[in-house]
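Undergrad: with the sequence up front, the predicted model follows.
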Amino acid sequence: MKSLLLLSLLVLVPCVRAQETGLIVNSEGRKTVSLNGQWQVIVDPYESGYYNYRYQPSDNGYFKNAKPKSKSELIEYDFDKSGTLKVPGDWNTQSDQLFFYEGTVWYKKSFDYQRQPNTRVFVYFGGANYFADVYLNGEKIGEHEGGFTPFNFEITNRVKDTDNFLIVKVDNKRRRDAVPTLMTDWWNYGGLTREVKLIETPSTFVNDYMVQLQRGSRNRVTGWVKLSGDKLNQKITVRIPEAGVNRSFTTNASGMAVVDFTADLKLWSPDSPKLYDVFIEAETDQVREQVGFRSVETRGADILLNGRPIFLRGVCIHEEAPLRGGRAYSREDAVTLLSWAKELGANFVRLAHYPHNEFMVREADRMGIMVWSEIPVYWTIQWENPETLKNARNQLQEMIARDKNRAAVVIWSVANETPLSDARLTFLKDLVTLARHQDPTRLLSAAMERHYTNPTTQMIDDPLGEFLDVLGCNEYVGWYDGLPEKADGLEWKSKYDKPLVMSEFGGDALFGHHGDSSTRWTEEYQESIYQHQIAMLKKIPFLRGTSPWILTDFRSPRRPLPNIQDFWNRKGLISDRGEKKKAFYVLQRWYQEMR
Ligand code: GCB
């Protein structure tokens, strides 16, 4: 019996990730102190605040925030006399000088903090692009790689009542071995791009939990609760008052309890995005969250939501702030973007090409929009480099850790348009296995490779398809691949009996630029692509979703064409100023027909 329990623990309690002792989720209802606002900054292109002139890490870097103690002491920096930048926010759109900058910027924020007895304090970053070294009061407290996932460090024994200074070195230099690698088609916005806050918890606290319907079930909730602290053995209760759930469990010596109960739940769906107040109560702590419950699975080529076949009427979105440009980071940004998606008739969004800020996913939960979320394993990363794999694994784990309780998220995707090779397959299979282990409830996908077997047949037989639940394909028939009419004679075939989501298609148009439908860059050309594409898509028997590229124009250094692109990818159905192009209405009409 004991070994059975242990076995089920091993199966059900996959892994508690990365930051074992830290807060993984940004739990609502906790005491938090925002560190958003203006931070003092020093731009440091040669990293002379980090390395000495022999290129060795210096003991007296800028993180010491030193001040001359006498009139003759030499100190060559001064945060207090340098400029400021707003956090959250990218640096590129806050200063003309930093628009194309890729390198290091040092951020400093001073604060006071009266910690209550028997509490713990964490400093929490929603995201920093790309590499962050974090120092408190002159001492290093941690570092983090990856531009799009949250991280936190405990500062309980370091924080003082007054005059703390938090310094973060943020470096967004691209690297060949990083994830993403050197080449992307989006702007490398640098900085503390998401919220920064202090979070206070009791000394033993609910570190993390997962409560979701078991895959394939519509009334059995399974998951786990994990405590962190020195009183790990506790009774914990999961309550969902509106559904009459009040169940208690006991955590084991490592603070872990398996949660498993049945409940009569009104299920979450785009038509009825029901969220319940869920209380996780331990003896020493409690958290409250809004959680929706829904099942998602596949059967042959069908995607089933709550047991019923559904078509994912979607659109791709970059984390580009609507109207003002720059990285999106706020609830308002999320509401604007997702409202446009709704207006289009979408019930689904593909959040490309990295995990977006948490507001996007939480608003999608509230608004009833299904989400595909992915990591920036994009194009040609270093498949054979174990450090690159480790990095990709970590980003995947952090993405799942943050959003695993969001009903809106139905698909995790592990890669985008990666070229076929054995090394790539081994790498991506590893990510698939990891994702399934960490979250057995969701569907897995990737935007895969496909190829022509003859001029009119597109074949999906990428070996990765065998390991995925949903096939994703990007195609640009009518833009990079022939003219729009080419779609008319195309037939799609698949080696797999699995649903296909056409995860990208489209073409560029500058809003307000008009001409006939064969003139590139006009709204009419883009409109024609959508017309021919839709006619083709309707004929694909195993198609179960579409997320054309893309909701709004977004910045890209690869797009210099003057007066048309001006460093914007113009494939948006909506311009960077919020103006809807003709193709928007073509897609809207199709999505309305399908409702
Ligand atoms: C793609 C990529 C996407 C690009 C897009 C384009 O296939 O996945 O990141 O932005 O094409 O516009 O070329």
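TA: Structure's in. What do you need? Treat the numbers as computed from the prediction; the structure is a model and nothing was measured.
Undergrad: ok, now which ones touch the residue of the stretch 251-400 of the chain found nearest the ligand?
TA: When distances are taken as Cβ to the nearest ligand atom, the stretch 251-400 of the chain reaches nearest to the ligand at residue 353, 5.7 Å away. Glycine gets a C-beta too; all of them are placed from N, C-alpha and C. Contact analysis of residue 353 by Cβ atoms under 8 Å, 6 or more residues apart in numbering lists 180, 184, 186, 318, 374, 376, 378, 416.
Undergrad: check the gap between whichever residue of the stretch 451-595 of the chain sits closest to the ligand and residue 180 for me.
TA: Nearest residue of the stretch 451-595 of the chain to the ligand, counting by Cβ to the nearest ligand atom: residue 474, 4.5 Å away. Residue 474 sits at a distance of 16 Å from residue 180 (criterion: Cβ to Cβ, to the nearest Å).
Undergrad: which of those two has more neighbours?
TA: Using other Cβ atoms under 10 Å as the criterion, residue 474 and residue 180 rank with residue 180 on top: 26 against 18.
Undergrad: can you give me the strands in the stretch 301-450 of the chain?
TA: Remark: strands assigned in the stretch 301-450 of the chain by DSSP state E, counting those that start in this stretch are 302-305, 308-309, 312-317, 348-351, 370-374, 409-416, 443-448.
Undergrad: the fourth one - contacts with which helices or strands?
TA: Contact partners of strand 348-351 among helices and strands, from 3 or more Cβ pairs under 8 Å, 6 or more residues apart in numbering; DSSP states H and E: strand 312-317, helix 358-367, strand 370-374.
Undergrad: quick one: list the elements packing against the second one.
TA: Contacting helix 358-367 under the criterion 3+ Cβ pairs under 8 Å, 6+ apart are the following elements: helix 331-343, strand 348-351, strand 370-374, helix 386-403.
Undergrad: nearest to residue 33, out of these?
TA: helix 331-343 (18.6 Å; Cβ to Cβ).
Undergrad: re the thing from before, identify the residues contacting the residue of the stretch 451-595 of the chain closest to the ligand.
TA: Counted by Cβ under 8 Å, 6+ apart, residue 474 has contacts 416, 417, 447, 502, 503, 504, 505, 549.
Undergrad: same thing but at 6 Å, please
TA: Shown in contact with residue 474 (Cβ atoms under 6 Å, 6 or more residues apart in numbering): 417, 447, 503, 504.
Undergrad: could you list which of those also contact the ligand?
TA: 417, 504 (Cβ under 6 Å from any ligand atom).
Undergrad: can you name the two of the contacts of residue 474 that are farthest apart?
TA: Within those, 417 and 503 form the most distant pair, 9.4 Å apart (Cβ to Cβ).
Undergrad: between those two, which contacts overlap?
TA: Contacts common to residue 417 and residue 503, judged by Cβ under 6 Å, 6+ apart, are 447, 474.
Undergrad: looking at these two now, which is surrounded by more residues?
TA: residue 503 (31 against 18).
Undergrad: the more buried one - that's part of a helix, no?
TA: No. Residue 503 sits outside any helix when classified using DSSP: H, G, I helix; E, B strand; the rest coil, being strand.
Undergrad: and the pLDDT at the spatially closest residue to it that is not a sequence neighbour?
TA: Spatially, and ignoring its direct neighbours in sequence, residue 503 is nearest to residue 472 (4.0 Å; Cβ to Cβ, 6 or more residues apart in numbering). Model confidence at residue 472, given as pLDDT, is 98.
Undergrad: include distance to residue 192 and mean pLDDT when you put the strands of the stretch 301-450 of the chain into a markdown table, please.
TA: Shown next, in a markdown table, are the strands of the stretch 301-450 of the chain (distance: least, Cβ to Cβ, whole Å; pLDDT from 0 to 100):
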| stretch | distance to residue 192 | mean pLDDT |
| --- | --- | --- |
| strand 302-305 | 37 | 98 |
| strand 308-309 | 43 | 98 |
| strand 312-317 | 22 | 98 |
| strand 348-351 | 20 | 99 |
| strand 370-374 | 22 | 99 |
| strand 409-416 | 25 | 98 |
| strand 443-448 | 29 | 98 |
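Undergrad: would you list those in JSON lines and tack on mean neighbour count and distance to residue 424?
TA: Below are the strands of the stretch 301-450 of the chain laid out as JSON lines (neighbours: other Cβ atoms under 10 Å; distance: least, Cβ to Cβ, whole Å):
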{"stretch": "strand 302-305", "mean neighbour count": "19", "distance to residue 424": "26"}
{"stretch": "strand 308-309", "mean neighbour count": "12", "distance to residue 424": "32"}
{"stretch": "strand 312-317", "mean neighbour count": "26", "distance to residue 424": "22"}
{"stretch": "strand 348-351", "mean neighbour count": "27", "distance to residue 424": "21"}
{"stretch": "strand 370-374", "mean neighbour count": "26", "distance to residue 424": "16"}
{"stretch": "strand 409-416", "mean neighbour count": "26", "distance to residue 424": "8"}
{"stretch": "strand 443-448", "mean neighbour count": "24", "distance to residue 424": "11"}
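Undergrad: mind putting those into JSON lines with distance to residue 536?
TA: Output for those, formatted as JSON lines (distance: least, Cβ to Cβ, whole Å):
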{"stretch": "strand 302-305", "distance to residue 536": "20"}
{"stretch": "strand 308-309", "distance to residue 536": "21"}
{"stretch": "strand 312-317", "distance to residue 536": "17"}
{"stretch": "strand 348-351", "distance to residue 536": "19"}
{"stretch": "strand 370-374", "distance to residue 536": "21"}
{"stretch": "strand 409-416", "distance to residue 536": "22"}
{"stretch": "strand 443-448", "distance to residue 536": "18"}
